[in-house]
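Peer 1: Sequence isn't available, so here's the structure alone:
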């Protein structure tokens, strides 16, 4: 049974539509996901546990510091002390689908964007925050040819992956500019963005900076807005979450995971070019694209930083205030228990 089948999604538009749309629709997967999974991390042949890790990617291999550590034979040895003897990586196209897998019991730990992680937590999916895996994820709004400004979008349809950090960026941007009620937002996977723009079905697409934006700009599609350049408060962060059940079974896992990740971050900062080559191969893209989408500066060594927590709190407040989630998440309480938490660094 496939974990990646996604139900058709209706158009999300105007006030009252939300990242909850993405979570609610993806939650339809829960029954099939639960049927495909065992309850809790599976027992490996050697008596240890298999850690089932979800991540966002169109390829089967994780490309961040965690993927680097795994590919270099460093991650699993670091997790053995926590009772882990095998790692099973499971890719998902977007955060809401991954969240549904967490809820359905198919995953023990996952890395995803802050918006779907917060929305899932607010909607009752029982997780704890292990770290902020990335801080400063960029999003671009790319227009169809002939669309060069935000004002050109009035009365038209804009697309993104509903429920993603790009969705939060798009909604916040439109609200800031007073355009939210004048446009329609629809769900389109990043893999279908080029075709949607080429067909004229959408007037703009909110995309993660990297391969897609490189393809679009090379084909002459204009960049209307960049979060990094124009709205740094709308940059996204990554979140690593663990289920309550997995945390109870392996209480030392967050520390072990974060220690392995910190070592990997140190290594990629010492040799960025080697990391870019690794990430390009894992993502099946080019080094130039990776330098835009995954600069080494995106990855803090510490589990939490003041900058990252500020961005995360801003996202949480925005989602709750605009009814894009079911309420505010207590981020301090969401983080792993005090015995394994790390004091934020500046």
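Peer 2: The structure has been received and is ready for your questions. As the structure is a prediction and not an experimental result, all values here were calculated from the model.
Peer 1: Give me the neighbour count for residue 332.
Peer 2: By other CB atoms under 10 Å, 11 other residues sit near residue 332. Every residue, glycine included, has its C-beta placed from N, CA and C.
Peer 1: ok so it is a helix residue?
Peer 2: Yes: counting by DSSP: H, G, I helix; E, B strand; the rest coil, residue 332 is found in a helix.
Peer 1: And it, how far from residue 248?
Peer 2: Using CB to CB, to the nearest Å, residue 332 is found at 20 Å from residue 248.
Peer 1: How about residue 299?
Peer 2: Using CB to CB, one gets 28 Å for the distance from residue 299 to residue 248.
Peer 1: Between these two, point out the one with more neighbours.
Peer 2: More crowded of residue 299 and residue 248, by other CB under 10 Å: residue 299, with 24 against 10.
Peer 1: so the more buried one makes contact with residue 64?
Peer 2: Yes: contact criterion CB atoms under 8 Å: residue 299 and residue 64 qualify, at 6.7 Å.
Peer 1: and for the helix or strand encompassing residue 87, what are the contacting residues?
Peer 2: Using DSSP states H and E, residue 87 sits in strand 84-92. Under the criterion CB atoms under 8 Å, 6 or more residues apart in numbering, residues 3-4, 41, 44, 46-62, 70, 75-76, 79, 98, 101, 106-107, 112, 250, 253, 256 lie in contact with strand 84-92.
Peer 1: Identify the residue nearest the geometric centre of this structure.
Peer 2: Centroid-nearest residue in the chain, with CA atoms, centre = their mean: residue 113, separated by 2.4 Å.
Peer 1: Can you report how many residues neighbour the residue nearest to that residue when sequence neighbours are not counted?
Peer 2: With CB to CB, 6 or more residues apart in numbering as the criterion, residue 113 has its nearest non-adjacent residue at 3.9 Å, and that residue is residue 165. Residue 165 has 33 neighbours, counted by other CB under 10 Å.
Peer 1: Buried residues, the strand holding residue 87. List them.
Peer 2: By 16 or more other CB atoms under 10 Å, the buried positions in strand 84-92 come out as 84, 85, 86, 87, 89, 90, 91, 92.
Peer 1: After that strand, heading C-terminal, what element do we hit next?
Peer 2: Sequence-wise, the next helix or strand downstream of strand 84-92 (DSSP H and E) is helix 95-104.
Peer 1: Specify which member of the buried residues of strand 84-92 is nearest to residue 158.
Peer 2: The nearest member of the buried residues of strand 84-92 to residue 158, counting by CB to CB, is residue 92 at 23.2 Å.
Peer 1: Let me know the pLDDT of that closest one.
Peer 2: Here, the pLDDT recorded for residue 92 equals 96.
Peer 1: i'd like the first residue to be 16 from this point on
Peer 2: All right, first residue 16 from here; so that's residue 107.
Peer 1: what is it paired to in the beta sheet?
Peer 2: Note on residue 107: beta-bridge partners by DSSP bridges are residue 71.
Peer 1: What separation is there between it and residue 121?
Peer 2: Noted for residue 107: a distance of 10 Å to residue 121, by CB to CB.
Peer 1: show me where pLDDT drops low in the chain?
Peer 2: Filtered on pLDDT under 70, the chain yields the residue ranges 16-62, 353-361.
Peer 1: Now list whatever residues contact both of residue 314 and residue 79.
Peer 2: Here residue 314 and residue 79 have 148, 149 as joint contacts, going by CB under 8 Å, 6+ apart.
Peer 1: coming back round to it: the residue nearest to residue 128 reaches residue 251, doesn't it?
Peer 2: Yes: Residue 180 lies in contact with residue 251 (CB under 8 Å); the separation is 3.3 Å.
Peer 1: list residues touching both of these two?
Peer 2: In contact with both residue 180 and residue 251: 128, 129, 130, 152, 154, 330, using CB under 8 Å, 6+ apart.
Peer 1: Name the residues that touch the longest helix anywhere in the chain?
Peer 2: As assigned by DSSP state H, the longest helix anywhere in the chain is helix 268-285. Identification of contacts with helix 268-285 by CB under 8 Å, 6+ apart yields 66, 80-81, 83-84, 87, 89-90, 93-94, 96-99, 124, 143, 145-146, 148, 255, 257, 261-262, 289-290, 311, 314-318, 351, 355, 357.
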